[in-house]
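3D, please:
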Amino acid sequence: MARYDQPLLAVDLDGTLLRSDMLFESFWSACGRRWWQPFATLRALARGRAGLKRYLAEHACIDVATLPYDATVIEYIRRFQDVGGRTVLVTAADELLARRIADHLGIFDEVHGSDGVINLKADRKAAFLNDRYGVGRYAYMGDSRADLAVWAQAGHAVTVNAPSSLRDAVAAMKPAAEHLSSMPTVPSDYLRAIRPHQWLKNILVFMPMLAAHVVEIGAFAASLMAFMAFSLIASSVYVLNDLLDLAADRAHPRKRERPFASGRIPIAHGTWLAGGLFLAGAVVSLALGPAFFLVMAGYYLLTTAYSLALKRRVVIDICVLAGLYTLRIIAGGVATGLTLSVWILAFSIFFFFALAAVKRQAELVDSGRRGKLAASGRGYAVEDLPVISMMAIGAGYVSVLVMALYVNAPSTQELYTRPEALWGICCVLLYWISRTVLLAHRGQMHDDPVVYAAKDRISLLCFLLILGFGSVGLWP
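Residues are numbered from 1 along each chain as shown. Have a look, this model is predicted:
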């Protein structure tokens, strides 16, 4: 740490002490509690930026204990105090939230923030500090270009995770400036945020083409575009869901390492990322025609409703998840113009209902092992485990029954030369479903059974066996 001539250190909050932005934190927290909050936020914007911050601070529910604080900054502040310095938190964030954060950390002598009327930022922050402590009689720690006006008046400058251009600008004003760097954002963080591994689920759009044994360039191209549209829209929803689930994710031992929950990606970036992915997916959807666009619009609305409210409604959440899987198959049929059989729809509903129930089962088992009585952000309690397990097993076995009935259907005799080979698929499915539920019961299941299956050797072997039995059924 450099030698200080100033007895006081003023610290910014957003992007400095905190690897996040309290305006966006409070906005997404409020939206997660009430689905109509974005419209109310627009009305509050008429009160000015400071008024908007006060409104969101009053309507958000933020656990300050789980926020992504910058450990490097906190250590710096403590060392400053150890040599006799005083510290003050001065932020453009609303003072109500700033005081809660300061009370939690216990490292500040004073707290000052926006009060609902004055937005304490840039020139106003500099004027406030000068009036209260005197020009050049404080050191200032910040992270953005808005802080240049403050650094210009401060006796010492400290930057936190600032880009090189900003560091150069500060160094030009304050040659003795310090530059702290803790956890920089890397491109792979954005890749993690959009979850490309989840695109595996979108392969379902190829099912209508494969089930009808239609192997044509036109059908494949349409299915591929549908896959692209679903991947973009789905990634948009994943980002949106992560923004709405910040509190629940930070309370989870693994999910708290997600890019937005951990602060590796600014929440502001996530807000724009969700919108950009949606627009890109909408453009691809329109290229496939208005009918497909309507299907995608329905998918987005349903997933958004799930993120905002339905995921907290018991049983309804499982039904919605199963429906979203089935909607991918329907979209594939719409994109290619192929008629879907009742068999594929019935199998999809029951099979994916089982997978959705397994997902909830795995979450409850994990909650139980961590001593929690309920799954965070969900409507289930640990004592619901036996019922959820029965739902998973029952729906999974019914899907196998649907498959068995399909094997004996007259339409199957027309599509396959050896339809009896499909009985092997029934046997494999029966084994895989039973094993999957058992693994979830033992706490060995990933939060998402589809992702788990993509990495599990036995599951991959089962998939190859299913392909093998299907190929035998087509042999002349």
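
hey, let's count contacts and neighbours off CA atoms from now on
Fine.

next up, phi/psi of residue 315, please.
phi 70, psi -40 (degrees, to the nearest 10).

next one: it from residue 327, what distance?
Using Cα to Cα, to the nearest Å, we find residue 315 at a distance of 18 Å from residue 327.

among the two, which residue is more densely surrounded?
Neighbour count, other Cα atoms under 10 Å: between residue 315 and residue 327, residue 327 has more, with 21 against 18.

can you tell me the element that one falls in?
For residue 327, the element it lies in under DSSP states H and E is helix 316-336.

buried residues in that helix?
For helix 316-336, the buried set under the neighbour-count rule, 16 or more other Cα atoms under 10 Å, comprises 317-336.

next one: stretch 69-81
Applying 16+ other Cα under 10 Å to stretch 69-81 flags 69, 70, 73, 74, 77, 80, 81 as buried.

and the pLDDT at the first one?
If you check residue 69, the pLDDT there is 95.

going forward, begin numbering at 8 instead of 1
Yep, numbering from 8; the last one is residue 76 now.

ok, it touching residue 26?
Yes. Using Cα atoms under 8 Å, residue 76 and residue 26 qualify as a contacting pair, with a distance of 5.9 Å.

so which other helices or strands are in contact with the lengthiest strand in the chain?
The strand that spans the most residues within the chain, counting by DSSP state E, is strand 93-101. Counting contacts by 3 or more Cα pairs under 8 Å, 6 or more residues apart in numbering; DSSP states H and E, strand 93-101 is packed against strand 15-18, helix 55-66, helix 78-89, helix 102-112, strand 117-121, helix 130-140.

let me know the helix or strand that the residue nearest to residue 266 when sequence neighbours are not counted is in.
In space, and not counting its chain neighbours, residue 266 is closest to residue 272: 5.4 Å by Cα to Cα, 6 or more residues apart in numbering. Counting by DSSP H and E, no helix or strand carries residue 272.

next, count neighbours for residue 272.
Neighbours of residue 272 using other Cα under 10 Å come to 21.

same question, residue 286
Neighbour tally, residue 286, other Cα under 10 Å: 15.

that one: what secondary structure?
helix (DSSP: H, G, I helix; E, B strand; the rest coil).

so how far is residue 293 from it?
Relative to residue 293, and taking Cα to Cα, residue 286 is found at 11 Å.

which residues do the two both contact?
Counting by Cα atoms under 8 Å, 6 or more residues apart in numbering, residue 286 and residue 293 have no contacts in common.

wasn't residue 165 part of a strand?
Yes. Assessed with three-state DSSP, residue 165 lies in a strand.

okay but it is in contact with residue 147, surely?
Yes. Judged on Cα under 8 Å, residue 165 makes contact with residue 147 at a distance of 6.1 Å.

which of those two has more neighbours?
residue 147 (29 against 23).

show me the contacts for the residue nearest the centre of the chain.
The residue lying closest to the centre of the chain (Cα atoms, centre = their mean) is residue 249, at 2.2 Å. By Cα under 8 Å, 6+ apart, the contact set of residue 249 is 256, 267, 268.

give me the element it is part of.
Assigned by DSSP H and E, residue 249 falls in helix 224-251.

list the buried ones in that helix?
Going by 16+ other Cα under 10 Å, helix 224-251 has these buried residues: 226-227, 229-251.

can you check stretch 455-474 too?
455, 456, 457, 458, 460, 466, 469, 470, 473.

where does the stretch 158-307 of the chain dip in pLDDT?
Filtered on pLDDT under 70, the stretch 158-307 of the chain yields the residue ranges 192.

how many neighbours does residue 397 have?
Neighbour tally, residue 397, other Cα under 10 Å: 16.

then it would be within a helix, right?
Yes. Checked against three-state DSSP, residue 397 lies within a helix.

can you tell me the SS state at the nearest residue in space to residue 222 that is not next to it in sequence?
Closest residue to residue 222 apart from its sequence neighbours, by Cα to Cα, 6+ apart: residue 216 at 7.1 Å. Secondary structure, three-state DSSP: residue 216 is helix.

follow-up on the earlier one: got the CA coordinates for the longest strand of the chain in CSV?
Extracted as CSV, the C-alpha positions of strand 93-101 are listed here (Å, rounded to 0.1, in the frame of the first residue of the first chain):
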residue,chain,number,x,y,z
ARG,A,93,-10.9,7.1,8.4
THR,A,94,-13.1,5.6,5.7
VAL,A,95,-16.3,6.8,4.1
LEU,A,96,-18.6,5.2,1.7
VAL,A,97,-19.8,7.8,-0.9
THR,A,98,-21.9,6.4,-3.7
ALA,A,99,-24.5,7.3,-6.3
ALA,A,100,-26.5,4.3,-5.2
ASP,A,101,-29.4,5.0,-2.9
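
how much space separates the residue nearest to the centre of the chain from residue 240?
Noted for residue 249: a distance of 14 Å to residue 240, by Cα to Cα.
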